[in-house]
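Participant: This is a predicted model, with the sequence first.
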Amino acid sequence: MSHLAQDRPSTLAPSMRLRLSAMMFLEFFVWGAWFVTLGTYLAAELGASGSQISLAALTQSLGAIIAPLVVGLIADRYFPAQKVLGVLHLLAAVLIFLAGRAGTFGPFFGAALGYMILFMPTLALVNSISFNQLRDPEKQFPAIRVFGTIGWIVAGLIIGWLGWEQGGRLELTFVMAAVGSALLGVLAFFLPDTPPRGKGQRGSLGQLFGLDALGLLKSRSYLVFFISSVLICIPLAFYYNFTNLYLNESGVQAAAALQSLGQVSEALFLLAMPFLLSRFGFKKTLLIGMLAWGLRYVLFGFGDTGSLFWMIIVGLVLHGVCYDFFFVAGQIYTDKFAPPQVRSAAQGLISMATYGVGLLIGSLISGPVVDAFVTEEGGHSWTAIWLIPAGLAVLVAVFFAVLFREQASVRPEQPVRV
């Protein structure tokens, strides 16, 4: 057993489990509170085009690209991760509130960009805080992470229950997000201490900014995983940016609430993740997740609100496979693969690959694609739109299947350098 496993508690105390679960709940409640309905809000309230909607969604990619620097520089070297998490969320609460008060796209974009620069690093921080307390993350983490999914579900149900989509009151989603962010900002200071592992260490400029995690890419195994993570997020951007608009244009009532079916599925698969990883291994699990994205888009493309409505429902329910089998499994793989001194930076690195570079490219592509299929009635030809990301997802899956060779980890005592 490695020295790293020995310094983690063998069991998780109930109070610790409660705090970590509440942290995950609020982290994803805040995100789901406004991001799911973003496209509908911008189109209906601010008259935004598809390209502008993608530009607004692109702010999360810019934030994710900056995230490794924030996490690697601050959380890995100078300040405890939970305190960094608290400060970021308190500041973010102000900006997301201001975003909802903007009356035109320009001010909205500025506030959203500032918010995402603060928010996206917190995705890596909550993972680092959780993993720091777990002796066996592969088995224990899904039971903590599932509360993030529940938080996202609750946000969608509140929006549907209060009728904010049909009532034209989606600006209230930003108020809800601001309140949740402020609560998490306060809670963070009561989370377990996660001290910087690299505190007091001297190193190169690259190490100072957390770029030592890039040394993981020297392994072919992790390099292929990293490239695949970037590429699969290109088609993924279509889902995040336009699914809610697609459902509303198709005449689906309470679309945000219906989308929460995906998170219910996500929660169920999260609880099954320890079994699935032991049964399939990382390669098969990740590959199934990629192929599920392609299938989902085909179902969206040919489904409708009539006799084929079941295809839309199945496409939404597939979210558990799409998200858990790739993103959650990828986070666990990263924690297992990275040596302890760069573990937080490694989580920031994979967040940059997925929510950053991949979604940035995907947002730049998806907006013009959606604009290219505007109909004369002002809607969109969704079948043609969805088949494009479906094809992209299948191509990425083939690339991953051919080139990835599963490697358990690097030796904990072996540092990685760039």
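Facilitator: Thanks, I have the structure now. Please read all numbers here as calculations on a predicted model, not as lab measurements.
Participant: what's the spacing between the helix or strand where Arg17 lies and its chain's center?
Facilitator: Element membership of Arg17, judged by DSSP states H and E, is helix 14-35. Centre-to-centre, helix 14-35 and its host chain are 14 Å apart (CA atoms, centre = their mean, to the nearest Å).
Participant: mean confidence for whichever helix or strand comes after it?
Facilitator: Per DSSP H and E, the first helix or strand lying C-terminal to helix 14-35 is helix 38-45. Over the span of helix 38-45, the pLDDT mean works out to 89.
Participant: who does the helix holding Arg17 touch, helix- and strand-wise?
Facilitator: Contacts defined by 3 or more CB pairs under 8 Å, 6 or more residues apart in numbering; DSSP states H and E place helix 14-35 against helix 81-101, helix 105-133, helix 137-162, helix 172-187. To be clear about C-beta, it is placed using only N, CA and C from the backbone, and glycine gets the same treatment.
Participant: Export those helices as TSV, with columns for mean neighbour count.
Facilitator: TSV is the format used below for those (neighbours: other CB atoms under 10 Å):
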stretch	mean neighbour count
helix 81-101	21
helix 105-133	24
helix 137-162	22
helix 172-187	21
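Participant: ok so, going back, in the helix holding Arg17, which residues are buried?
Facilitator: Within helix 14-35, the residues that count as buried by 16 or more other CB atoms under 10 Å are 16-17, 19-35.
Participant: between it and helix 105-133, how big is the angle?
Facilitator: Going by axes from the mean of the first three to the mean of the last three CA atoms, to 10 degrees, helix 14-35 is angled at 160 degrees with respect to helix 105-133.
Participant: Helix 14-35 to helix 81-101, inter-axis angle?
Facilitator: Following the same axes, to 10 degrees, one obtains 30 degrees for the angle between helix 14-35 and helix 81-101.
Participant: low-scoring stretches of the stretch 251-400 of the chain, by residue?
Facilitator: 344, 348 (pLDDT under 70).
Participant: which stretches of it form helices?
Facilitator: 255-302, 309-317, 319-323, 329-337, 343-351, 359-372, 382-403 (DSSP state H, counting those that start in this stretch).
Participant: helices and strands around the fourth one, which ones?
Facilitator: It stands for helix 329-337. The contact analysis (3+ CB pairs under 8 Å, 6+ apart) places helix 329-337 against helix 105-133, helix 137-162, helix 220-249, helix 255-302, helix 343-351.
Participant: returning to that earlier point: just so I know, which of the helices of the stretch 251-400 of the chain lies nearest Val84?
Facilitator: Smallest distance to Val84 across the helices of the stretch 251-400 of the chain (CB to CB): 9.9 Å, for helix 343-351.
Participant: That closest one to helix 329-337, inter-axis angle?
Facilitator: Going by the same axes, to 10 degrees, helix 343-351 makes 150 degrees with helix 329-337.
Participant: Select, out of the helices and strands packed on helix 14-35, the one closest to Leu395.
Facilitator: With CB to CB as the measure, helix 105-133 is the member of the helices and strands packed on helix 14-35 nearest Leu395 (26.6 Å).
Participant: Quick check: mean pLDDT of that closest one?
Facilitator: The predicted model assigns helix 105-133 a mean pLDDT of 89.
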